[in-house]
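**Q** Could you work out the structure for the sequence below:
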Amino acid sequence: MTYSPVMPPRQVQIGDAAVFAGTTPRAIRHYHQIGLLPEPERGVDGRRRYGHDDMIRLLWIRRMAEAGISLDDMRAAFGQTRDIGEVLGRLEETLAAQEAEIKRRRAAVHRLRTVGSPLGLLSDLVADRLRDLPPGALRPADLDALLVTERVFGSLGAAIQASVFIVLATHPALRAEQDRLDAAEAALDDTVKPEDPRVEELAVQRCAHQLALDRAVEAAGLDADEERLFEIYDAGAAEDTGTRLSAAAAVATMPYDLSPAQKRCLERTAQLLADAHNG
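**A** Reported below is the predicted structural model:
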């Protein structure tokens, strides 16, 4: 039996180089463009030919890419004669941050599955306060309000606001009054002028309703729960979800759909409540 050793070619075209390195011709051309892989000379037929050193560089590029090293860091590593200790240190920090983010996301998904509603996507501080409410007690608009509050005032602000929704969920008469006032406010559309008497009348009713909610919060002992929330938050046991906006930035960037009459009603309600609390 005659033995015929298979001799590899001295140079190969880009397609064969891509197959061997486990990449694509398009990727190799990109490596050329960004200076990561020197562009070999073209042959007489106008095609690039890749030799042994080119293939070694391609294999290192692929292995570094699999480790998650960025193309910019690869260039730096090759420029330092493959001294990639600093590059790997930065990569380890990045992976640690990504691991923490994945952990946070898994916790959010777990809360969502456990709670069985979008409430699970809010912070633990908020979800824990509302966890014992019966299914359906929270309305979509309630969750929307908590979402906005958490974005503007953080998890503590939303957890404090949760007291109102607990009262509404457990006091049918207060919920009915809330619905009536919401309907009356919706009627203050763009056809109603801010000086319309109905605006002032509704503001007075809104103020009275909010004071009734405050009394119900105190009667249920929810104000004591709020005090404990402040203690927990001050102790650093709670963390806000995401980057919180300042109130000024929120006002400037969060669109609202209030008519001029509704906006005036909101302002007058705030004034009346301030007067009531000062009195």
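
**Q** next SSE after the lowest-mean-pLDDT helix or strand in the chain?
**A** Least confident helix or strand, the chain: helix 247-253 with a mean of 64, by mean pLDDT, DSSP states H and E. Beyond helix 247-253 on the C-terminal side, the first helix or strand identified by DSSP states H and E is helix 260-278.

**Q** List of residues touching that next one?
**A** 185, 188-190, 192-196, 198-200, 202-204, 206-207, 210-211, 258 (Cβ atoms under 8 Å, 6 or more residues apart in numbering). Quick note: C-beta positions are derived from backbone N, CA and C, even for glycine.

**Q** quick one: buried residues of that helix?
**A** Under the neighbour-count criterion of 16 or more other Cβ atoms under 10 Å, helix 260-278 has 261-262, 264-266, 268-269, 272-273 buried.

**Q** What ranges does the stretch 101-250 of the chain have for its strands?
**A** Per DSSP state E, counting those that start in this stretch, the stretch 101-250 of the chain carries no strands over any range.

**Q** got the residue ranges for the helices in it?
**A** 124-130, 140-170, 172-186, 197-219, 222-234, 247-253 (DSSP state H, counting those that start in this stretch).

**Q** any chance of the ones you listed in CSV, plus distance to Ala27 and mean neighbour count?
**A** Listed next are those as CSV, based on distance: least, Cβ to Cβ, whole Å; neighbours: other Cβ atoms under 10 Å:
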stretch, distance to Ala27, mean neighbour count
helix 124-130, 43, 22
helix 140-170, 40, 19
helix 172-186, 57, 14
helix 197-219, 61, 16
helix 222-234, 49, 14
helix 247-253, 40, 10
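
**Q** Quickly, which of those bottoms out on average pLDDT?
**A** Here the lowest mean pLDDT among the helices of the stretch 101-250 of the chain goes to helix 247-253, at a mean of 64.

**Q** how close does Leu258 sit to Ala208?
**A** Distance of Leu258 to Ala208, computed by Cβ to Cβ, to the nearest Å: 21 Å.

**Q** if we can go back for a sec, between the helices of the stretch 101-250 of the chain, which gets nearest to Arg63?
**A** Nearest to Arg63, of all the helices of the stretch 101-250 of the chain, is helix 124-130, at 40.8 Å by Cβ to Cβ.

**Q** give me every residue that touches the closest residue to Leu229 other than its chain neighbours.
**A** Leaving aside its sequence neighbours, Leu229 sits nearest to Ala159 (Cβ to Cβ, 6 or more residues apart in numbering; 5.3 Å). Ala159 is in contact with 123, 125-126, 129, 226, 229, counting by Cβ under 8 Å, 6+ apart.

**Q** Just put these in JSON lines and tack on distance to Ala67.
**A** Putting the contacts of Ala159 into JSON lines (distance: Cβ to Cβ, whole Å) gives the following:
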{"residue": "Ser123", "distance to Ala67": "34"}
{"residue": "Leu125", "distance to Ala67": "38"}
{"residue": "Val126", "distance to Ala67": "39"}
{"residue": "Arg129", "distance to Ala67": "44"}
{"residue": "Glu226", "distance to Ala67": "49"}
{"residue": "Leu229", "distance to Ala67": "44"}
